[in-house]
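*Asks:* Here's a sequence, model it:
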Amino acid sequence: MENSNPETKPVRISILLPTNAYFMSGIRDFTMSFIKNATKFSQQWAYRFQSIVDELCNNAIEHGSESGQDIKITLVYAPEESLTITVEDTGTGKTKTKAADIEKIITERRKPGYVFEGIRGRGLSTIVSSWSDSAKFEDLPSGGIKATVTKKLDKSQNTNLPKEQAVSAANRVVLTV
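*Replies:* Residues are numbered from 1 along each chain as shown. Just a heads-up that it's a prediction; the model follows:
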């Protein structure tokens, strides 16, 4: 029998976003609002998740999908457990990178003593990897890449939302911009 308690049933929100930086402020605002109002993560973590989504989406727009395509962002909040963020690109962008190449770059840049040159290239290794419990990159059959980041909820992130503010039973929302 399926668990029908809306406070423990995962909430899945998927958003298709055009490959246009103009829409990034909207996804940042949505992420912040969702984390602050519908999860038990603290405001500090809401800002961190906002940065993670921003980094993953910007990479998908800049490198993974050509203009006129969409990227897909999915947030899955499992109450009392975790938040998982996925961002998928189409693989039609100017940079033809494989998931294994991204993993290798992150591993290299996380080594002690690695020196960054310039102001770019820190996002995946510094923001995404540091603020998540797991970060995984997969090649999609379509040629794109799927980035999946998970952060477990623990007492240090818990804001102790009252039960009446917990996520409702409407557990699937799909938005298209």
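
*Asks:* low-confidence ranges in the protein?
*Replies:* Residue ranges of the chain with pLDDT under 70: 1-7, 114, 116, 118-123, 155-177.

*Asks:* so what secondary structure elements neighbour the top helix by length along the chain?
*Replies:* When secondary structure is assigned using DSSP state H, the longest helix within the chain turns out to be helix 43-59. Under the contact criterion of 3 or more C-beta pairs under 8 Å, 6 or more residues apart in numbering; DSSP states H and E, the helices and strands touching helix 43-59 comprise helix 24-38, strand 70-78, strand 82-88, strand 145-152. Every C-beta, even on glycine, is put in place using the N, C-alpha and C of the backbone.

*Asks:* one more time with 10 Å
*Replies:* Counting by 3 or more C-beta pairs under 10 Å, 6 or more residues apart in numbering; DSSP states H and E, the packing neighbours recorded for helix 43-59 are strand 11-18, helix 24-38, strand 70-78, strand 82-88, strand 145-152.

*Asks:* Burial-wise, tell me which of these comes out on top.
*Replies:* Between the helices and strands packed on helix 43-59, the one whose residues have the most neighbours on average, counting mean count of other C-beta atoms under 10 Å, is strand 82-88 (a mean of 22).

*Asks:* For that strand, what is the distance to the chain centroid?
*Replies:* A distance of 4 Å separates the centroid of the chain from that of strand 82-88, by C-alpha atoms, centre = their mean, to the nearest Å.

*Asks:* how far away is residue 60 from residue 86?
*Replies:* 11 Å (C-beta to C-beta, to the nearest Å).

*Asks:* My error: substitute residue 21 in the last question.
*Replies:* With distances defined as C-beta to C-beta, the gap from residue 21 to residue 86 amounts to 20 Å.

*Asks:* can you check residue 99 too?
*Replies:* Residue 99 sits 13 Å away from residue 86 when distances are taken as C-beta to C-beta.

*Asks:* Between these two, which contacts overlap?
*Replies:* Both residue 99 and residue 86 are contacted by 136, 138, 146, 147, under the criterion C-beta atoms under 10 Å, 6 or more residues apart in numbering.

*Asks:* If anything else comes up later, I'll come back, but that's it for now.
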